[in-house]
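Chemist: this is a predicted model, with the sequence first.
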Amino acid sequence: MSSIVSLTQLKHLLLVAESRNYGDAAARAFRSQAAISKSITSLESLLGGKLFESNDRTLLTAFGQSCLPYAREVIEAHERAVRSIAQLVDGSQGHVTLASIGSFANTVLPGVVERLSKERPALSLTFLDDNSENIAEMVRSSKADFGVACRISVDPELQFLPLISDRYGAICSREHRFAKQTEVAWSELESEKIVGAGVHRQLAHLPSYLHLSNAALQATNMMTLLSLVQAGLGITVMASLTIPQNWDGLVFVPLVQPIEMREIFLITAVDRVMSPAAQRVVSLIVDACSAGSVTTKWAGGLCIK
């Protein structure tokens, strides 16, 4: 038996078997009766057996009856595949992997996911939480469709779209003297015990970085760091979105002289086209970062792009 059997021939088989009339089958297929008859004859030759009785070309043979479920299965599978491809094209289905810094994931992404789950419930998401340097590498190596992070260095393979920026401030307990101030100068940090963190590397251009980097107490986990600060074991420096909104034991005091902002970017690969599903997620993230859509309880801590 030849394997070159067309989908059209299988559809003609179903039409004739269902309608028991070549004229009706031809009308439904938008073909002539002669074309339908020729298609059935060719299919019988390819399959190596008669599909319809010789004395009644609309009555299925035993062989034809056995073939009919398989023909229907092939056609239905094809139609399902076409529908699925259409859903991939319009972004209503598919899988998206997003890499994001934790501060953005905790504050902005929940709203995006909520909207997406209502709008496109068949779309699945994977979130990768990491630091900005690793996120850039994930996007570069295609481990993530796109990323949201700070720009650590210039990379010709990546494109950076500004999304939002938040202000750096001193984070202290409610009992600390800074908690009563409306702002703190960077120079005032010199006399304070600091709880250091890896994100302080982004402040290496500031004179105060030396004091931050030499902190005797260091924490790599954000929850640990903030707990140490809340316990009064030191203060730290963070951008406003970094602090969980429901953490009531801390105070954010904007830093001045100079005012320092942290820029958060959408990171995509220059030479890679994102899937429609990924493009839709990006669109929702950009919408979420539009004026008034992102809030923080820390006064003066946010700047919308």
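Modeler: Everything's here; your move.

Chemist: only C-alpha atoms for contact and neighbour calcs from this point on.
Modeler: Fine.

Chemist: part of a strand, is residue 66?
Modeler: No - read with DSSP: H, G, I helix; E, B strand; the rest coil, residue 66 is helix and lies in no strand.

Chemist: make 44 the first number, not 1, from now on.
Modeler: That works, and once the first residue is 44, the last one we named lands at residue 109.

Chemist: backbone dihedrals for residue 282, please?
Modeler: Main-chain dihedrals, residue 282, degrees, to the nearest 10: phi -80, psi 150.

Chemist: beta partners for it?
Modeler: residue 211 (DSSP bridges).

Chemist: and it, how far is that from residue 214?
Modeler: With distances taken as C-alpha to C-alpha, to the nearest Å, residue 282 is found 9 Å from residue 214.

Chemist: also residue 309?
Modeler: From residue 309 to residue 214 the distance is 26 Å (C-alpha to C-alpha).

Chemist: do residue 122 as well
Modeler: Where residue 214 is concerned, residue 122 sits at a distance of 58 Å (C-alpha to C-alpha).

Chemist: residue 190 too?
Modeler: In terms of C-alpha to C-alpha, residue 190 sits 27 Å off from residue 214.

Chemist: ok, now residue 95?
Modeler: Separation of residue 95 from residue 214 (C-alpha to C-alpha) stands at 83 Å.

Chemist: more neighbours, these two?
Modeler: residue 214 (27 against 22; other C-alpha atoms under 10 Å).

Chemist: that one is in what secondary structure piece?
Modeler: strand 201-216 (DSSP states H and E).

Chemist: pull out the buried residues from that strand.
Modeler: 201-203, 205-216 (16 or more other C-alpha atoms under 10 Å).

Chemist: over to stretch 171-179?
Modeler: Result for stretch 171-179 [16+ other C-alpha under 10 Å]: buried residues 171, 172, 174, 175, 177, 178, 179.

Chemist: and stretch 244-252, by the same measure?
Modeler: Under 16+ other C-alpha under 10 Å, the buried positions of stretch 244-252 are residue 246.

Chemist: tell me how far it lies from the chain's centre.
Modeler: 32 Å (C-alpha atoms, centre = their mean, to the nearest Å).

Chemist: which residues sit against that stretch?
Modeler: 195, 229, 230, 232, 233, 243, 253, 256 (C-alpha atoms under 8 Å, 6 or more residues apart in numbering).

Chemist: nearest to residue 66, out of these: which one, please.
Modeler: When the contacts of stretch 244-252 are compared for distance to residue 66 (C-alpha to C-alpha), residue 195 wins out at 70.2 Å.

Chemist: which residues does the nearest residue to residue 170 once chain neighbours are set aside contact?
Modeler: Counting by C-alpha to C-alpha, 6 or more residues apart in numbering, residue 170 lies nearest to residue 141, which is 5.1 Å off, once chain neighbours are set aside. Neighbouring residues of residue 141 by C-alpha under 8 Å, 6+ apart: 168, 169, 170, 171, 187, 188, 189, 190, 191.

Chemist: drop anything exposed from these.
Modeler: Among those, the ones that count as buried (16+ other C-alpha under 10 Å) are 168, 171, 187, 188, 189, 190, 191.

Chemist: separation between the fourth one and residue 148?
Modeler: It stands for residue 188. According to C-alpha to C-alpha, residue 188 and residue 148 sit 15 Å apart.

Chemist: next: the last one.
Modeler: Note on residue 191: its distance to residue 148, by C-alpha to C-alpha, is 9 Å.

Chemist: also the third one?
Modeler: Distance, residue 187 to residue 148, using C-alpha to C-alpha: 15 Å.

Chemist: cool, the fifth one as well?
Modeler: Taken as C-alpha to C-alpha, the spacing of residue 189 relative to residue 148 amounts to 13 Å.

Chemist: how about the second one?
Modeler: Distance, residue 171 to residue 148, by C-alpha to C-alpha: 9 Å.

Chemist: which residue lies farthest from the center of this protein?
Modeler: Using C-alpha atoms, centre = their mean, the residue of the chain lying farthest from its centre is residue 98. It sits 60.7 Å away.

Chemist: any idea how far residue 231 is from residue 280?
Modeler: Counting by C-alpha to C-alpha - residue 231 and residue 280 are separated by 12 Å.

Chemist: tell me which of those two has more neighbours.
Modeler: When neighbours are counted by other C-alpha under 10 Å, residue 231 and residue 280 differ, and residue 280 comes out ahead with 24 against 11.

Chemist: correct me if wrong, but the more buried one is in a strand.
Modeler: Yes - Residue 280 forms part of a strand when assessed by three-state DSSP.

Chemist: now for it: which residues touch it?
Modeler: 211, 212, 213, 214, 243.

Chemist: these: which two are farthest apart?
Modeler: Those two in the contacts of residue 280 that are separated most widely, counting by C-alpha to C-alpha, are 214 and 243, at 13.1 Å.
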